[in-house]
Every structure is written in C-alpha cells, then in structure tokens.
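Asker: sharing a model prediction with you, sequence too.
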Amino acid sequence: MYYDLFHLASRLIDKNTHFVMVTVIEASGSTPAKTSFRMIVESDGTLHGTVGGGALESEAITTAKSLIGQNISITKTFSLEKDLNMACGGQITMFFESFAASVLHIFGAGHVCQALIPVMTGAGFAVKVYDDRDGFEFVSEKFGCQFTKDDMAKQAALISDGPGVFALVTTYNHIQDEAVGRELINKNLAFLGIIGSRRKAEKYRNNFIEAGFDREKVSGIFCPVGLPVGGTTPGEIAVSIASQMLSVKYGRTLS
C-alpha cells in the first residue's frame, strides 16, 4: 500500500497539486503506528494511507495541513501519553515533507517570455503562456509548455490562484499589461510581476489605485520586475526575473 503512495505522489506533482507526505521514522513503546507507515494529505484535505489512526493521525493531519503550500520539511515527535492523552504511552517521530507545486503564468509570448520558459521549467515550474496574436503557437512544441491563444485579460481572470502560483505580465503594449494586471491584482498569488520602466510602474500603480484597488495589493506588485542586474537583452532580463521569482519562492530578501 505504501509503495503505491510514491506513485500517487508522482502523479500529484505532475498535476501541480500541493500535498504533504507524512512518514513515521521512529516508533518506541506501545504505539498504533510502526516505522515506515505513511500518509499523504492533499491541499483539499483528501487522505491516502495512514499513520496509525485515532488521535495520533488527527494531530498529524493538522500539522500537515499547516504546511500545505510551503515547500518545506519538518520532523515532529509525539509523546502519546503527554501530548495526546493516549493510554498506550509510546513515542512516535514523524517526518512531514511538503510538496508545493509552482506554476508560472506568462501573459505575452515575446522574446523575454521565450527566454524565461526554459529557465523556469528547469527550476521545476509548470509554465503556461497566453497571447492573443497569431504565430506564437510554436512555444508549446518548442518548450513543452502549455500555450493558449485568447484574450489575455480574459484568461487572467480565469486562472486559479494559490500559494504556488506566479504570474508575469509582459504583453506587447502597456494597455494590455494594465488590463491583464487588473484581473490579477486581487488574486492570491505568490508573485505578480509586470514588465516596464519605473515611469510606467508609477503610472500603473496610480491607475490601479484610482480604479479602487487596495493600496497594499498594488504596492505588492513587482514592477519594474526583475532584480537590477544591469543586463538589457531578453536573456539577461529573463535571468533577472527568474532570480527574483526564486527569491520570493524561498523567502529570501534580495535587493
């Protein structure tokens, strides 16, 4: 049964689903679980496998849910008598491994987008690209990512949000950039970046605030997007954006 959980974990990763794998790594005394018992807790609360049931499993589920989307691992020890008021009195140590799928939605399939795709897929992101122009369908075959030809603001409104969802707006003009940005501001995103100069960034922010968007949400937009590495080619800009996204993913503060 537990061997099957590894196959399930692989499928969940392929589907960009957040989940936590819980493994009993040490058990002493009288306990309802033994070493190597495993359980998967999905982001929607769906359970697979078991780590012993009862109060112990309930506590493990609570811990696992608190880690959903964080992409971290922790070890936690439970004294069944002291912590859970269980008469059996043993002690169990569990390893909680959180798998946070990262998805990057790129609006605009131009040069920066094309330079960024292989960098982000190489970093483990699932990349989805949107553009309303003809002639960009090739990015799907060339880079192995999903491409959607449609109105970009419409598609922006439809994307699912969440702690592992990143979005980059790099369309072919500032009107499109702003229209797409308006659909993304209020979503729960790990990262929202809009390409543009400092002057454009100030204009976008003023327009968003005048349109009634929350100032805190607006201030959280990365615009100009990318770290100030000094490069100006599409490849260099892509590296600067990728670096900024990864710093956000891993909670690092970079200037």
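Answerer: Structure's in. What do you need? Numbering: from 1, shown residues only.
Asker: and this protein, what are its domain boundaries?
Answerer: 2-99, 103-249 (automatic domain parsing).
Asker: worst average pLDDT in those domains?
Answerer: Note on those: domain 2-99 shows the lowest mean pLDDT, a mean of 86.
Asker: which residues touch E236?
Answerer: By Cβ atoms under 8 Å, 6 or more residues apart in numbering, the contact list for E236 reads 229-230. Bear in mind the C-beta positions are built from the backbone N, C-alpha and C, glycine included.
Asker: tell me if it really is in a strand.
Answerer: No: the assignment for E236, made by DSSP: H, G, I helix; E, B strand; the rest coil, is helix rather than a strand.
Asker: tell me if I'm right that A115 and G231 touch.
Answerer: No: using Cβ atoms under 8 Å, A115 is not in contact with G231, being 10.9 Å away.
Asker: the two: which is more packed in?
Answerer: Using other Cβ atoms under 10 Å, the more surrounded residue of A115 and G231 is A115, with 18 against 13.
Asker: tell me where this structure has helices.
Answerer: Using DSSP state H, the helices found in the chain span residues 2-14, 54-67, 111-122, 138-143, 152-158, 174-184, 198-210, 215-219, 234-249.
Asker: and those helices: which comes nearest T35?
Answerer: helix 2-14 (11.3 Å; Cβ to Cβ).
Asker: which neighbours do A115 and G231 share?
Answerer: With Cβ under 8 Å, 6+ apart as the test, A115 and G231 both reach I237.
Asker: what about T170, how many neighbours?
Answerer: 25.
Asker: and it, how close does it get to G220?
Answerer: Note on T170: its distance to G220, by Cβ to Cβ, to the nearest Å, is 18 Å.
Asker: go on, A179?
Answerer: 19 Å.
Asker: returning to that earlier point: tell me which of the helices of the chain sits nearest to G226.
Answerer: Here helix 234-249 is closest among the helices of the chain (Cβ to Cβ), at 3.5 Å.
Asker: for that closest one, buried residues please.
Answerer: Buried positions in helix 234-249, judged by neighbour count with 16 or more other Cβ atoms under 10 Å: 234, 237-246, 248-249.
Asker: using CSV, list the CA coordinates for it.
Answerer: Taking Å, rounded to 0.1, in the frame of the first residue of the first chain, the C-alpha atoms of helix 234-249 are listed here in CSV:
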residue,chain,number,x,y,z
PRO,A,234,15.9,39.2,-23.3
GLY,A,235,18.1,36.5,-21.9
GLU,A,236,19.5,38.8,-19.2
ILE,A,237,16.1,40.2,-18.3
ALA,A,238,14.8,36.6,-18.1
VAL,A,239,17.6,35.7,-15.7
SER,A,240,16.8,38.8,-13.5
ILE,A,241,13.1,37.9,-13.4
ALA,A,242,13.8,34.2,-12.6
SER,A,243,16.1,35.2,-9.8
GLN,A,244,13.5,37.5,-8.3
MET,A,245,10.8,34.8,-8.5
LEU,A,246,13.0,32.2,-6.9
SER,A,247,14.0,34.6,-4.1
VAL,A,248,10.3,35.0,-3.4
LYS,A,249,9.6,31.3,-3.6
